Every structure is written in C-alpha cells, then in structure tokens.
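K.L.:
Sharing a model prediction with you, sequence too.
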Amino acid sequence: MSSNHDDRHDDAGGAATDPVRRRFLKTAGALAGGAVAAAPFAASGRSPEDFGVAPRHLHEPGKGSMMFMEDHAHDHDRHILPGAPDDVDYRVFDMTFDLIEHELLPGVKFPAFAFNEQVPGPVFRVQENDWIEVNVTNNTEEMHTIHWHGVDLIYTMDGVPMMSHDPVHPGETFTYRFQARPHGTRFYHCHWGTPLHMMSALHGAFIIDSPNDPIREQFPYERDYVLVLESFDLEFTREHINEVLEGMGQVNKLMRDGRLSAATHGFFKRYEDFVKAIEEGWRPPYTRGNAPGGTITPNFFAINGKSYPSTVGEHGHLRIRQGEYIRIRLINGGISDHHMHLHGHQFWKVAEDGNPLPYPIKLNTVPVTPGKTVDIIVYGDNPGFWDFHDHKEIHSRNNGIYPGGMITMLEYEDMGDPPYVPSTTINQ
Amino acid sequence: MSSNHDDRHDDAGGAATDPVRRRFLKTAGALAGGAVAAAPFAASGRSPEDFGVAPRHLHEPGKGSMMFMEDHAHDHDRHILPGAPDDVDYRVFDMTFDLIEHELLPGVKFPAFAFNEQVPGPVFRVQENDWIEVNVTNNTEEMHTIHWHGVDLIYTMDGVPMMSHDPVHPGETFTYRFQARPHGTRFYHCHWGTPLHMMSALHGAFIIDSPNDPIREQFPYERDYVLVLESFDLEFTREHINEVLEGMGQVNKLMRDGRLSAATHGFFKRYEDFVKAIEEGWRPPYTRGNAPGGTITPNFFAINGKSYPSTVGEHGHLRIRQGEYIRIRLINGGISDHHMHLHGHQFWKVAEDGNPLPYPIKLNTVPVTPGKTVDIIVYGDNPGFWDFHDHKEIHSRNNGIYPGGMITMLEYEDMGDPPYVPSTTINQ
Amino acid sequence: MSSNHDDRHDDAGGAATDPVRRRFLKTAGALAGGAVAAAPFAASGRSPEDFGVAPRHLHEPGKGSMMFMEDHAHDHDRHILPGAPDDVDYRVFDMTFDLIEHELLPGVKFPAFAFNEQVPGPVFRVQENDWIEVNVTNNTEEMHTIHWHGVDLIYTMDGVPMMSHDPVHPGETFTYRFQARPHGTRFYHCHWGTPLHMMSALHGAFIIDSPNDPIREQFPYERDYVLVLESFDLEFTREHINEVLEGMGQVNKLMRDGRLSAATHGFFKRYEDFVKAIEEGWRPPYTRGNAPGGTITPNFFAINGKSYPSTVGEHGHLRIRQGEYIRIRLINGGISDHHMHLHGHQFWKVAEDGNPLPYPIKLNTVPVTPGKTVDIIVYGDNPGFWDFHDHKEIHSRNNGIYPGGMITMLEYEDMGDPPYVPSTTINQ
C-alpha cells in the first residue's frame, strides 16, 4: 500500500440514517457535484444475531490459501497483487463479508451473506478515473470475492475465482485496486458460488460519475435514485448456506492440515488433471443428481433489501416534484428478470449496462434482465401517487401472496391536499 | 355525469361477428380514418354457464366499501370521483366484470373473469385526446378495478386499489373518466389480485389513434391487427378462483355486518398499523407457507382467447396481400415472456409500449415481455402460408403437447393455387 | 436435380479438427473473403453407440408419407418439390438426421437427435444470393424437418410440417432448395416436435456473408466466432425420446399397413374434421393431463455442444489480440433465455436476428432470448483471461452445481507471461 491514501480514507458506508454512510455520501456528493438520493429505502439487519447456522470461526489472516494444497505458481504475498500502480492517490474503502440475519419485511427474516452487514451492500459513488482501493475482510467461514461488474479493470482484480485471482479465504483480507472506468451505473457482487451469493445478498451499486455526463446534459436532473432489484429463494438460501458452511468446514480443516486435494474438492491446476481424475474413477458432484438448490424458485422479491409494503411510506420510496427530472438507476442484483412498469408516465430509457444509448427510448415498462443495469429519466408532469412495480406479477408477491415484493411508489411532494391517500394492503 | 354524452354513447363491443361490436368498430373506424382489422380471431364463451364455483350474489350498488370499515377520509359519493372535468364531451362505454366459462380450444374450458363476458375484453379504439367515460359494473363476488396501462391519466382513475382509488365492490358500478393520451397501442387490465385477474382473463386492448401517426406516414398500412398474448395456468385459476370467492364471501358478510377489520383482512390505513398488528402477534398470510398458486406454471397459451389450432383457418388469423403493409399490435396480457417469430420475412419493430421508436428495427423474432406492447410492420413480399409463433416453444403447446398454444399463421390472400395447403396437426 | 451442381458439391462439415469440416471451412472462408474461426469448440459424439433407446429401423426411402393415409392433394413425387428454379447453379450439401450419444462434459452423456452426428450441426457459410441445395436423409425412426430460421425463402421449403411441406419420414431423403438471403447470422433447426428436437439437439448455424457487410466496414474484424447457446433437460430428453420412438413405432407400423387414421394420431386435413372428431367423442391428448415433459426444466447448458469446463482450454474458447476486433455470433439454439456477460470490456451489439442495427449499442451483457441471434463486436484493449458467461447464473451450472454450463473465456494471445493463470474448478 502506498502511504498517501490515508487522507482519502472513506468507509463504504450504510444507508442515509447511518453516520458512517452519511460521511461517505457527503464525500461522494461533493465529488459528484450534485445532489444524491441514492438510498431512499432504509437499510436493516445491521445487528448480526444468532440464526441457527454454523458458528463463525476466523482463520488467521493470510493462512490457508486453497492453492497451497499443491505447487502453485503464485505463492507470493497474496496481499500485494499485480495490476495497480503505487504512485497514484487511492480512495480507500473498507469492506467486510458477513453472515447476518436480514429482515425483508415484518415477519420475514433469513440468513444472508452481506457486505458491511447490510442488504444491499453500500452504494459506491466515485468519479471516473478515480483510483480505488478496497480492503475487504472475510468474516465468514465461506470463500468469497468481489467482481466489479461492468468496470474495465485489470483482470487480476476482476474477482472471478481461479480465473483472475484466488478466492478470499475465511479470515483473510484482500486488497482490490483499480481505476474506476468507464462512467455509468455499475455494480459489484461476489463471484464465488455466484448463484447463492448474489441471491443472498452479496451485491451493491457502484456508480461512476463523470463531470461531462451526457445524460445530465440532456435531462437536467438533480435527484438520482439507485434501486437494486433482488430475488430470494429463502428455502434454498437456508438449506444451501448450511450446506456450504458444512462443506467448507471440512475443506478448511483439510487445508489447515495440508491434506486438501482434488479428491476432496473440485479444484484442478490443469483441465487434463480433471479429465484424468474422472477417467480414474473420481465422480464429479454434477453426476450425483441435482445439488441442494438444483431448482431455485425465488419466493421473495425486494428493492434495496425490502419487500412491499416495506418499500413505501417512511421506509423510503421515489419522490419527485412537478417540473423536475429524476434519474433512476435500476440494477439487477439477482437471477430473475424484472419488468419495471411506471404508472401515469412515459419515461426515457437513457442507458443500458451503464453506457448511454445512442438515442433515448420512450417507455413505460423496462425489462431489467440478469446482469443488467438500466437508467431511466422520469419527468414530473402528472402529480399523484404512482405504482412502480415488476409487471411480471409473480414478483409482486410475498411468498405467493399479492401484493408484495417488487412494488414501490413514485410520490409527488407538491401535490397539496391529495384527493386520495394510499393505504397499506397485503392480501388481495 | 354530464348530460352531454348521450349522443356519443358507445358500447365497448365484442368481436367482428357481434352486432354490438360492429357498431363499435364502425364508429371507431370512422374516427380512426382507416380500415380496422382488430379482431381476426373469434370471441367465445359469451354465454355464461354454471361451472361449479361459488354462486353469484350481487350487493346493492354503492354499499359495502371496504374502507367504510373504519374512519375513512374519502366517504364522499364514490361515483363522483375527482379527476375529470364536467364541461367536456365524453365518449361513453359500458363495461362489466363477469365470471364466465371460456373455451380455449375444443375440449378445454375454464372459469374466467372476463370483461363483457368475452376473452379478451373488447378492443377500444379512440382518438388521442378523446375524453372517455367507462361505467363498469361488477357482476362478480370479487373485487376488481381497471388499470389503463400506458395511459397518462389522473392518478385517481388509474385503477390501483388502495393507491389511486378503492376497488370496485361486488354489485357496484364505478365510473372512470379520463383523457386518452398519448396515442399508441395501450391496454387495460384488472389491478386487483393482479396475477390471478390478468391471467384469467381480465385484459383487453386500448388503441389510441392519432391523425398524425408517424408510423402510418412511414409505412402506409391499412389493415391493423391486435393480438393479445395470454398464458393460463388452468389448475391455478380453478383453485384460486374458488379460494378467492370463498374468502370474499366471508369478507362481504363481515362488511355488511360492519365487522370487517384488519384482523380479518390485510388492510391498514397506515403502514404503522400494519407493523403494530404484527408486533402484537397478528400473523400475515405470507408467513404461512405458499398461498394457493404460490407456484404459477401456465400450461395453456392463447392469442386473443384462442389456442392453436383454434387460432387459424376460419377462426381467424393474419391476412396480407402482396405489396401490402400490415401493422400488428402485440400486447402481453399475461405474466409470461413471449418471443414471436415470423417465418419467411423480416419485419420492422416500430413501437414499444405504444411509443414510436427513434428508428425502426428490422427483426424476425420480437420479445413481448410482461407489461409490454410491441408494434410491428410486415410487408407482403413473400407469398405463402407462414408460421407466426412464440419461439419459446414450451408456449407453443397445449398442456405439454406440441403443437398448440401461441401459434397462428400469416396467409397471403392473393396466392392463386398454392402448391401446398396446410392441414391441422395437434400431436408431434 | 439439375446436373450442374456436382462441381459445387460441399459436405456440411464438422469442427475444425475434422477433415470434412476443414474442407468446408476452406471453401466457405474463400467465399467469405476472410478468416473464419467459426468453431472454436471441439465437436464430439461423432461415433454413435448403443444408448438404451429403441433400435433403429430404416424404412425404404420414399415410402410411408403420413399424408398417404387418406386422399392427399399432393401425392406427387415428394422429391421434386416446387419452389426453386432448375436453371441456376446450386451449392449442394448432404445432411443427415441421426440419433447419437453426445458427451457434454466428462461424465455426462445423453441420447441426442443430431445433424450429421454432431452437436450442434455443421456451420453453413454461404454468400448472399447463393442457391442452396440440401439433401437430408432421415436415419432415425422419428419424423423431422429443417426450418431455415430467418431466411426469406419460398414457403414450401420452410420446414414447418403440415404448413409448408410434409415431414421427412424415417428412411426418406428430402431435398431443400432455396436462395440464401438476406445476409447475416441465421440458423436452422428441426421444426417437427420442436421443443424436444431443438433441445436435443437438432440445430446449427447458417451464416450468410455479404461482400458489402456494413458491420465489417465499420469494425474491421477478421476472426469471427459462432457460439450456439444450448439448454438441455436430460431427464426430459431421455424420457421423451423413448416415448416418441415408441409412439412412432406404432405410427410407422400403421402407415405401412395403410391403417393410420386421425383416431390413431392427431392429423386432420381440415380443421372441421378435428372439431367433428372431438364432438364425436375423440379425446385429444392435451386433455389427458400433462404429456411427458409437460414441464421442461433444463439442468445442463452448453456452448457449441459443450458445458464448462469443457468449453475452455484446449477444447476451444474465444481468442483475441490487442488492437484486434473480433465478431461473435450468438445463436439461441434452445428454449431458455441467456444473458451473456463479458468481463472487463464494453462491446458493441451490432446485429439482431441477423440484421444490422441502425446504430451499434455499447453493452457488457447481452440477452439472447429464444429464437434470437445477436452479433457483437469486441475490441481487444484489456489483456487478460476474461469470463464470458450467462449471467442468469442458474445456467452457469452443471446439474445444479456451480460453476458449469454456459461459461467460456476470452483469452488474449499476446499477454506474455501472465501474472495469474486460470485453473479448473467445478464445485463452489
């Protein structure tokens, strides 16, 4: 680490009600040169509790790389990885991988892997070409990484385990360093055991601002909302987290004893070793019938960690005034496809995957499919309370009960005395 | 109601073979200034029959608003709702919510909620900026509303229960009044119990014409087809309709007796009341395991209420002549994603969500995802009989048997003596 | 057949390691005026073996058209079908329908219908406006056809059974003749029993080149990759193949004996006959509960016939050099939706359904939904090993085990000594 980043040390903070988060937002807002309304929904689940899964046990940092199990070309100090220069100023962020209990809405909690003990992870807001340093500590018994989705960084910082770098082991701190580019709505998520870890819920927004943002030039918005769209199969998550923690317990023990081998886990230095192991009788797990969670059927859906009706009212939703442009950044943090429909308005779809479109497209329903971010601009010309929800209505339910899940509301702040005031309904 | 709309009184009519419908089409066609071929498929199920679900019982109109259960800020006459002026001419339409038995294809009937006893509901064709009045009477034992999808109207007419207005109670007549804008292919559907009610099959086309339609200027089409794409889980529908009618029977009784409360249904004036009820031990239904229909797996698919092979031949399909442009308006009335592939042609996708695209896009397969309408233009330059079907082939089946469901045909009328004439096959 | 095509006789060949394939590629490459890297993945399963399904039994060619079961307007010689002129030069290809055993990755084999005994079928590369003749012989006990998806040909060559021509019977050779147009990335697949036959795995790429390709003019690429994206429900395939072969055995016997009728199979000359049969008490199969495979839930996913990790390393993956443009043609050969995400790069989406877009769109994740082809251009400006995978992560698994399935890698060939070298992991 260079010594010059202490003066730029930021915590990747929580929601707007959290002091840490406020500090982060203040810095980022100043840098972005504009108002920020990135987290209208309340964060929750920040007090980890016992939730009936395997107990935590931290390894000594720096020990137990899975690759130490045999000769490994990269047995260097894993904390000084190649890919980033030393002679630049870094903005430094501290992150953690945690196992928490998260409340989606009153009455529904589940064990979740989470960044910084919150769902979703903190919103990053940086300037294009900023140099970023993220020190992430793994407080769980499971492997993890961070993939910076849509960021054009050096491949050794890309977070794909066994393709760009080793996974971050339990108890270990890993340092990511890269330049934030190109500008736009991007995100980050764990890339180890991806189906489980994205869904439960290791993901967050990574917003790269630009002083010359063509979208702001065309649509002079001030308020800027980030909505991470999430789907959860709570049964799958509960079962699978216990399963992986149990399996990792065995792996961790074997690693400590230096007895981890391909025969006990599915890692091979060369593809030929994999083929040879099978020819010699090793039976890969995919031939043994479906794994736990072979079928994933999400039954809860959320926006920024909350399911309707916890997505509206005081818990935060979208606000606008007449004559105002707002920008909404939609990020698909899960594996389902969502089709966000805004009532009473046509909006402009202005960016996809963070990149501005050649021409804005006027819509009222926008698909946000897996791996996608979509930016839309809404113009305030129709005062009222307006439904904004996934039109694939099975996602607008809580455990099969409509309405719920991926529903929120756009509210005009300057309506005066409205002729009808929404109430809360959870069972139609 | 103002007194000046009697001279513009239209019924929202049925299919082309229905006298009521013909009257409507004639008016609309004249207003649209062009030929209309909006309903090539036959309507059916117009004679309600006994189908083994709960019997109908109509309330007195105007009685029993669910909101009367406690103090309610809007205990005004619900038939004079805010949002529309009195000093304009309205085009008046009469609509009903009904419970009918609908035949998808020979041998397959199911109980369906339907507008005006037909599946899908009648096609509206109005001019941009027309003032519309729809008096809809609820002939069922279940709550309903009409959401005017993609129409920029006042929010109190938007049809989202408990957000824009109270639901329409059994036996009640509700009046929607709004200005039809912006022009394009739009639709309407029930927004109460949306997953069930859209799927079974409370939806229909709402076409807003403009004398300056840029699409017609670029592609001088005359014939104009409306295809509502539908998916049905018949088991879910049968079970869920019985379930909701039974539940509503209890609710209706409690309402009549003035004993309806949050404890007996999931309605709360304030979000805080909801949270408090749970803290005091009330168990919301979403914590009780999946509801009936927690899993929805449609097994029948239809175009304008009919499944292949009842979508071709005399029952109506798409017709074209050499050198002719036709417009096809595709509306997703359900919750599945459809991928309409036309054989032998590249067509232009010209509008999405009713709004013209900046540039037409040349395709042969167009996704129509939930909540979407897509308009395409086909040019007649390849005479023959051409398959037009969902390329997600599980939707081109009837109850798992291929071919079926979402298949229809484009036929050239000026082929002369064709070298091969299609026959009917229902089992490959 | 005209006599002038012998000098243009090509085999539609296999992968790059196959002599037949090399011959085909050489010809096509020369015609395309550029290098071709169309099949980076190895083909396999070319040696049919016994796999526990019904034994093969070939009919005499030309016998047993299903349509001979009753009066048929087209009892002409089925091998001289209308639709193509005799006075042009044809490029002639020989194809077969086969039932093989295909290996997706070590340890996983399944019975597959395949073109030319390979999965996917051979890559066609032809020039726009070439006249094509394909003689396809059915070596299976099941009906088949070839639909040329996205090609604007005469309808009698379109491959929709009972709509454009009779299916190709067991033992029969059928001749397709058509002009290849318009240029772009197109494909072909069986259209008989489509859900099963596309999925298992009767599909392949059909690339129509143009000397004036606007995409190459804008992005001067040389290497050109074809990736067919596939999804397989192995249980469904095993059960359904046995089912259809058993059913076809009965049908074939009845045909041979001249006793095939509507009562024994679902074929009707007129729609009215179908309705009448039902009215007289015939019970169509779709009323008998779900068919085998009524639910299709793919558990294996593949690119060009191979699942990760057999999609990387020596088995072939995407290669690029710094400063180079490559074109990747993505073809959805199955019924699932895929969302291909490339790490470390923004790429240009340049064509959809084979047709160039009005403007390239910069993305890092591109949906390839059912029935679609999508072309993207990648520019080599970020050396490394880069994940390229379906971001709907349930498709990045083998039988529920992550990682697997639809994952491959983009590798820079001019990296020098990379700081990190990928290894193989099959269980996270």
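P.N.:
Structure's in. What do you need? Bear in mind that the values here come from a model prediction, so they are computed numbers and not experimental data.
K.L.:
Which residues of the stretch 101-250 of chain A lie near chain C?
P.N.:
A:143, A:147, A:149-150, A:152-156, A:158, A:160-165, A:182, A:192-196, A:198 (C-beta under 8 Å from any C-beta of the partner chain). C-beta: built from backbone N, CA, C; applies to glycine.
K.L.:
out of these, which are inside helices?
P.N.:
A:Thr194, A:Pro195, A:Leu196, A:Met198 (DSSP state H).
K.L.:
Report how many residues lie close to the closest residue to A:Asn382 other than its chain neighbours.
P.N.:
Leaving out its chain neighbours, the residue that sits closest to A:Asn382 by C-beta to C-beta, 6 or more residues apart in numbering or on different chains is A:Gly344, at 4.8 Å. Neighbours of A:Gly344 under the rule other C-beta atoms under 10 Å in any protein chain shown: 25.
K.L.:
which SS state does A:Gly344 fall under?
P.N.:
coil (DSSP: H, G, I helix; E, B strand; the rest coil).
K.L.:
tell me the contacts of it?
P.N.:
Shown in contact with A:Gly344 (C-beta atoms under 8 Å, 6 or more residues apart in numbering or on different chains): A:Asn382, A:Gly384, A:Trp386, B:Asp152, B:Leu153, B:Tyr155, B:Asp158.
K.L.:
Kindly report the same for A:Ile394.
P.N.:
Here A:Ile394 is in contact with B:Pro195, B:Ile296, B:Ile335 (C-beta under 8 Å, 6+ apart).
K.L.:
ok but it is inside a helix, no?
P.N.:
Yes: in this structure, A:Ile394 lies within a helix as judged by three-state DSSP.
K.L.:
and the gap between it and chain C?
P.N.:
In this view, A:Ile394 and chain C are 16 Å apart by C-beta to the nearest C-beta, to the nearest Å.
K.L.:
in its sheet, what does the lengthiest strand in chain A sit against?
P.N.:
Using DSSP state E, we find that the single longest strand of chain A is strand A:90-105. Strand A:90-105 has its sheet partners listed here by DSSP bridges as strand A:9-11 (parallel), strand A:108-115 (antiparallel), strand A:131-138 (parallel).
K.L.:
hmm, back to that, of the ones in helices among the residues of the stretch 101-250 of chain A next to chain C, list those near chain B.
P.N.:
Okay, of those, nothing touches chain B (C-beta under 8 Å from any C-beta).
K.L.:
Dump the residues you listed into JSON lines; add neighbour count, distance to B:Pro285 and pLDDT as well.
P.N.:
JSON lines is the format used below for these (neighbours: other C-beta atoms under 10 Å in any protein chain shown; distance: C-beta to C-beta, whole Å; pLDDT from 0 to 100):
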{"residue": "A:Thr194", "neighbour count": "25", "distance to B:Pro285": "33", "pLDDT": "88"}
{"residue": "A:Pro195", "neighbour count": "24", "distance to B:Pro285": "29", "pLDDT": "85"}
{"residue": "A:Leu196", "neighbour count": "25", "distance to B:Pro285": "28", "pLDDT": "85"}
{"residue": "A:Met198", "neighbour count": "26", "distance to B:Pro285": "28", "pLDDT": "84"}
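K.L.:
ok, those vs chain B, which is closest?
P.N.:
Nearest to chain B among these: A:Pro195, at 19.3 Å, using C-beta to the nearest C-beta.
K.L.:
Report the spatially closest residue to the closest one, excluding sequence-adjacent ones.
P.N.:
Nearest to A:Pro195 is C:Glu393, by C-beta to C-beta, 6+ apart, at 4.1 Å.
K.L.:
Could you check how far the one you found is from A:Pro220?
P.N.:
38 Å (C-beta to C-beta, to the nearest Å).
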